[in-house]
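Asker: what's the 3D shape of this:
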Amino acid sequence: MRRIGADQIAYVLTGMPYPASLWQVVAWADYNGVSGQLREIMRNLPAKTYASLRDVVLTIEKQTAPGESAT
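Answerer: Residues are numbered from 1 along each chain as shown. This is a model prediction of the structure:
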């Protein structure tokens, strides 16, 4: 599986207004052409309100298995 970098996450979430719920984060990423792999990771994130891009990135890092780090 190809690694997901924080720069990829930042690219698809550029301009995202925070705080944002999970569905808003996924919809924004979809609008900006998120890859299938990153979209699937995002869809499996906890359904909560994300305070910032950093919050999204850190949550993805926690959810990603060892060897598949988001950074």
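Asker: where along this structure do the helices fall?
Answerer: 6-12, 22-31, 36-43, 53-63 (DSSP state H).
Asker: Please list the residues outside stretch 34-45 that contact it.
Answerer: Stretch 34-45 is contacted from outside by 1-2, 4, 8-9, 12, 22, 25-26, 29-30, 56, 59-60, 63-64, 70, using C-beta atoms under 8 Å, 6 or more residues apart in numbering. (Glycine included, C-beta is placed from N, CA and C.)
Asker: Tell me how many other residues surround residue 31.
Answerer: Residues near residue 31, counting by other C-beta atoms under 10 Å, number 11.
Asker: What is the neighbour count of residue 38?
Answerer: 19.
Asker: related to what we said a few turns ago, buried subset of the contacts of stretch 34-45, written for PyMOL?
Answerer: The PyMOL selection below is limited to those of the contacts of stretch 34-45 classed as buried (16 or more other C-beta atoms under 10 Å):
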select buried, resi 4+8+9+12+22+25+26+29+56+59+60+64+70
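Asker: quick one: low-confidence ranges for this protein?
Answerer: In the predicted model of the chain, residues 1-2, 65-71 satisfy pLDDT under 70.
Asker: how about 50 then?
Answerer: Applying pLDDT under 50 to the chain flags the ranges 1, 68-71.
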